[in-house]
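I need the structure of the sequence given here:
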Amino acid sequence: MYNPLNVELPQGYTVFASYGRRTPEIAVELYWQGKVLATALMEVEIQSFNPADDPEVETAYANARAFARRCAVIHATLREQLGDGGLHDAQVGMALSWCYRAAEDDGDRLEIEVHRGAELLLLKNYPLPPAVHDFDARREDVAALTRTALQPVLDDWQRLCGGNTAFPGTFAAVMRTVTLPNLDDDAWHLGPASRQCLPEFVYRLCLQPGGVRGIHAVPWPEAPDEACLLFFGDLCERRLYLHIDGSSNTWEKCRDNPQSWEACISDEREKNGLLQVFAEVFQLEQQDSKDGESSGVLRYRRRQGEETA
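So this is what the prediction gives:
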C-alpha cells in the first residue's frame, strides 16, 4: 500500500512510498499533476529483528525523499527551459517535444524529437543528473546541473532552426549510411503507410545501441491476424505490433510504451515483405526456429562477419 511521503516539493508534484517487508525495499512513485512521472526502488539492508526500529529503514526513506526532491527539481527545470509543450519556431515550422526518463537502468536521460511539419529531423537522448542520490552525499545545485546538461539540447535546436539538418545523429546523416531497397517495388507487397513510415522506423532502429542484431517474428495464438516483431540491440529492444486489417493502413507509436509501435497492414504478404526489408537493411538471415515447427516463430540473426548498418 502506497502512502504519502512527507517531503517538500514544487507545486504540482506529489510522492508516495510503500515499504515491502519481504523484499525488503521501499518503492517510490513521483507524480506530476496526477500522472506518474518516475518510480524508484530503495533497497533496505535490514540489520535488526524489528524492521520498524532498524536505522537502515529510515536511511532508505531519507534516500526516497532525496530522490523525490531531485527528480521534481530536474523536471521543473526542464519545464522551465523547454516548456510544458516543448519548443516551437513557427517561422521555420519546427517543433521539439521531450520526455524525461528518471531512474532508468541505462541512465537518467532526456529524450527529444524534432519535427518540421510531419518530417522527423532528430531523435536523440541527452544525459541528465541522476535522480537517485544518497541523502547524505555532497549537496548539489540540481537545477544548475540540469541547465548545464540542457545546453547541448538548446545548441542542437538552434542548429536545426538555422537550417543545419544533417549534423551527426540527425535523420539525414544516419540515413545516408543506410541502403533502403526500392520500397515502391511491388515485390515487397508494401502498402502506402508502410512505404511512407519505414524510413523513419529504420532510423529509430539504427539509433539502438548496436543497431539491430536480430529479429523475432512472434504470432499471437489467440489472434491469427496479429503478430509482433521484436528488434534486438545490445541493451534494448523495440517492438512493432502488426495488425492485419485491410480496411486501415496506419503506423503509430504506442501510447503507454515509447519503445513500441503499432502498424495496420493489408495481409500476410505485407508482413513477410516487411521482414525481408528489415533483413536486407540490417544484414540478417533467417535461422532455424528453436520453438518447434508449429510455433510460427521466425528468427533472424546478423550474418556472421557482418557489421550492423
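
wait, doesn't residue 213 sit right on residue 237?
No. Residue 213 is not in contact with residue 237 according to Cβ atoms under 8 Å; the separation is 9.8 Å. C-beta coordinates here come from the backbone N, C-alpha and C atoms, glycine included.

Can you find the helix or strand of the chain with the lowest average pLDDT?
The least trusted helix or strand in the chain, going by mean pLDDT, DSSP states H and E, turns out to be strand 223-232, with a mean of 85.

packing partners for that one?
Applying 3 or more Cβ pairs under 8 Å, 6 or more residues apart in numbering; DSSP states H and E, we find strand 223-232 packed against strand 214-220, strand 237-244, helix 268-281.

ok, and what's touching it?
Surrounding strand 223-232, the residues in contact under the criterion Cβ atoms under 8 Å, 6 or more residues apart in numbering are 205, 208, 212-220, 237-245, 271, 274-275, 278.

can we see that at 7 Å?
205, 212-220, 237-244, 271 (Cβ atoms under 7 Å, 6 or more residues apart in numbering).

Buried members of those into PyMOL, please.
Here is the PyMOL command that selects only those of these that count as buried (16 or more other Cβ atoms under 10 Å):
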select buried, resi 205+212+213+214+215+216+217+218+219+237+238+240+241+242+244+271
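
Could you point out which residue ranges in the protein have low pLDDT?
21-23, 46-55, 104-106, 221, 246-247, 256, 258, 289-295, 304-309 (pLDDT under 70).

report the longest helix in it, please.
Across the chain, the helix with the greatest residue count (assigned by DSSP state H) is helix 55-82.

List the neighbouring strands of the first helix or strand past that one going along the chain plus their orientation.
Per DSSP states H and E, the first helix or strand lying C-terminal to helix 55-82 is strand 87-89. Each strand paired with strand 87-89, and its direction, by DSSP bridges: strand 94-101 (antiparallel).

Residues in contact with the partner strand: which ones?
Here strand 94-101 has contacts from 75, 78, 82, 86-88, 108-116, 157, 160-161, 258, using Cβ under 7 Å, 6+ apart.

now the helices for this protein?
Using DSSP H, helices in the chain cover 55-82, 142-161, 171-175, 192-206, 268-281.

which of the ones you listed sits most buried?
helix 55-82 (a mean of 20; mean count of other Cβ atoms under 10 Å).

between that helix and helix 142-161, how big is the angle?
For helix 55-82 against helix 142-161, the angle by axes from the mean of the first three to the mean of the last three Cα atoms, to 10 degrees is 30 degrees.

can the helices of the chain go into JSON lines with extra columns for distance to residue 25?
Shown next, in JSON lines, are the helices of the chain (distance: least, Cβ to Cβ, whole Å):
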{"stretch": "helix 55-82", "distance to residue 25": "8"}
{"stretch": "helix 142-161", "distance to residue 25": "24"}
{"stretch": "helix 171-175", "distance to residue 25": "40"}
{"stretch": "helix 192-206", "distance to residue 25": "34"}
{"stretch": "helix 268-281", "distance to residue 25": "40"}
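
Among those helices, which comes closest to residue 262?
Nearest to residue 262 among the helices of the chain is helix 192-206; the distance by Cβ to Cβ comes to 11.1 Å.

Please name every helix or strand in contact with the closest one.
strand 119-127, helix 171-175, strand 260-265, helix 268-281 (3 or more Cβ pairs under 7 Å, 6 or more residues apart in numbering; DSSP states H and E).

So residue 118 versus residue 31, what's the distance?
Computed as Cβ to Cβ, to the nearest Å, the residue 118 to residue 31 distance reads 32 Å.

the more surrounded of these two?
residue 31 (17 against 7; other Cβ atoms under 10 Å).

Count the residues that sit near the nearest residue to that one once chain neighbours are set aside.
Nearest residue to residue 31 in three dimensions, chain neighbours excluded: residue 14, at 4.8 Å (Cβ to Cβ, 6 or more residues apart in numbering). Applying other Cβ under 10 Å, we find 17 residues neighbouring residue 14.

for residue 33, same thing?
10.

Same question for the one 10 residues further on.
Under the neighbour criterion other Cβ under 10 Å, residue 43 is assigned a count of 11.

Bridge partners for it, pull those for me.
residue 25.

on that earlier part again, of all the helices of the chain, which one is nearest residue 136?
Closest approach to residue 136 among the helices of the chain (Cβ to Cβ): helix 55-82, 7.6 Å.
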